[in-house]
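*Asks:* Okay, here's the prediction I keep looking at, along with the sequence it came from:
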Amino acid sequence: MQNLQFPINFRFKITSFANDFTAKDATGKTIAFVKQKMFKFKEDISVFSDETKTQTNFKIRADRWLDFSAAYTFFDRDEKPFGKVVRKGWRSIWKAEYQIIDSNNAVQYQIKEENAWVKVFDALFGEIPILGIFSGYIFNPKYLVSDANGQNFGRLKKMPSLFGQEFQIEKIADFNNDDADRILLGLMMMVLLERRRG
C-alpha cells in the first residue's frame, strides 16, 4: 500500500454479519478489502488487494485469545512478520491508546483517542430508544497518530453515518513510505476493535 492518495476511506458492509470493510483512496481506488474471520478465539484478519479476495497482501493475528492488552502481529504475503500494533491495556479502558511496533520490536508510533468523552456520550445516547440509532451522526471519535516526539502524522475519524460504517484517515505530515503499511494496518486493526466496543 505505497504512494497512497489521502484521505483514505474505510466503509463497513452493514449487510454482512462479518466485520468486513473496504479501504479506498482519494481517487476512489480500492487499496484493500479487510476481512475478519468469524468465530475465532484469536483475531485472524486477512487484508486482500480488493473485494474479489483473490490476492492476500497481509495477515494480522493476535498473540492471545483475549484482546485486552493483546498484540496483533502484521505478516506480509510470505508470512514474514514485520511489525505489530499493541493495545495499551488499562489505559485504553477510558481513552483508546495503541502503539505501533516495528520489526525490531521498537515503538514507532502511538495512536491516541483525542477526546474520550465523545465515546462516553456516544454510548449513552445509543441507549436511548429510537433516537439511539442516530448516535453515529452526532458523536464521532477521532484518533491521532504521532511519533515518540509528539509530532502528529495522521488522524483517523469516524464519519457521520448510520451504524458507524464509515471512517476516514487524513494525513497531517509526511511519513516514511516504509512505515505506511504498519500505520495503515495498525489503524485497520484498531478500527475493528474500537468499532466493536462502540
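*Replies:* That came in fine, so what should we check first? It should be emphasised that the depicted structure is a prediction, and the values quoted were computed from it without experimental measurement.
*Asks:* Can you name the next helix or strand after the least confident helix or strand in the chain by mean pLDDT?
*Replies:* Of all helical and strand segments in the chain, the minimum by mean pLDDT, DSSP states H and E falls on helix 91-94, at a mean of 56. Using DSSP states H and E, the helix or strand that follows helix 91-94 in sequence is strand 97-101.
*Asks:* pLDDT of that next one, averaged?
*Replies:* When pLDDT is averaged over strand 97-101, the result is 94.
*Asks:* who does the helix or strand that that strand is followed by pair up with?
*Replies:* Heading C-terminal from strand 97-101, the first helix or strand you meet, by DSSP H and E, is strand 107-113. As defined by DSSP bridges, the strand partners of strand 107-113 come to strand 97-101 (antiparallel), strand 142-147 (antiparallel).
*Asks:* so for the longest one, what's the average pLDDT?
*Replies:* Within the predicted structure, the mean pLDDT of strand 142-147 is 94.
*Asks:* which outside residues touch it?
*Replies:* 96, 100, 108-115, 118, 152-158, 183, 186-187, 190, 194 (C-beta atoms under 8 Å, 6 or more residues apart in numbering). In short, each C-beta sits where N, CA and C put it, glycine included.
*Asks:* From the residues you listed, list the buried ones, please.
*Replies:* Buried members of the contacts of strand 142-147, scored by 16 or more other C-beta atoms under 10 Å, are 96, 100, 108-113, 118, 153-158, 183, 186-187, 190, 194.
*Asks:* For the closest residue to residue 148 other than its chain neighbours, give me its contacts.
*Replies:* With C-beta to C-beta, 6 or more residues apart in numbering as the criterion, residue 148 has its nearest non-adjacent residue at 6.7 Å, and that residue is residue 107. Residues in contact with residue 107 (C-beta under 8 Å, 6+ apart) are 99, 100, 101, 148.
*Asks:* same check, this time on residue 188
*Replies:* Shown in contact with residue 188 (C-beta under 8 Å, 6+ apart): 10, 23, 32, 34, 45, 47, 60.
*Asks:* give me the beta-bridge partners of the fourth one?
*Replies:* Judged by DSSP bridges, the bridge partners of residue 34 are residue 21, residue 47.
*Asks:* Would you check that it makes contact with residue 21?
*Replies:* Yes: Residue 34 is within contact range of residue 21, at 5.3 Å (criterion: C-beta atoms under 8 Å).
*Asks:* Mutual contacts of these two, please.
*Replies:* Joint contacts of residue 34 and residue 21 (C-beta under 8 Å, 6+ apart) are residue 10.
*Asks:* tell me the average confidence for the top helix by length along the chain?
*Replies:* Counting by DSSP state H, the longest helix found in the chain is helix 177-197. Helix 177-197 carries an average pLDDT of 87.
*Asks:* send the alpha carbons of it over as PDB?
*Replies:* The C-alpha coordinates for helix 177-197 follow below in PDB (Å, rounded to 0.1, in the frame of the first residue of the first chain):
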ATOM      1  CA  ASN A 177       7.000   5.100   2.900                       C
ATOM      2  CA  ASP A 178       8.400   2.000   4.700                       C
ATOM      3  CA  ASP A 179       6.100   2.900   7.700                       C
ATOM      4  CA  ALA A 180       2.900   3.300   5.600                       C
ATOM      5  CA  ASP A 181       1.900  -0.300   5.800                       C
ATOM      6  CA  ARG A 182       2.400  -0.600   9.500                       C
ATOM      7  CA  ILE A 183       0.500   2.600  10.100                       C
ATOM      8  CA  LEU A 184      -2.400   1.600   7.900                       C
ATOM      9  CA  LEU A 185      -2.600  -1.900   9.300                       C
ATOM     10  CA  GLY A 186      -2.500  -0.600  12.800                       C
ATOM     11  CA  LEU A 187      -5.400   1.700  12.100                       C
ATOM     12  CA  MET A 188      -7.300  -1.000  10.400                       C
ATOM     13  CA  MET A 189      -6.900  -3.300  13.400                       C
ATOM     14  CA  MET A 190      -7.800  -0.500  15.800                       C
ATOM     15  CA  VAL A 191     -11.000   0.300  13.900                       C
ATOM     16  CA  LEU A 192     -12.100  -3.300  14.100                       C
ATOM     17  CA  LEU A 193     -11.600  -3.400  17.800                       C
ATOM     18  CA  GLU A 194     -12.900   0.100  18.700                       C
ATOM     19  CA  ARG A 195     -16.000  -0.200  16.400                       C
ATOM     20  CA  ARG A 196     -17.000  -3.400  18.300                       C
ATOM     21  CA  ARG A 197     -16.700  -1.600  21.600                       C
END
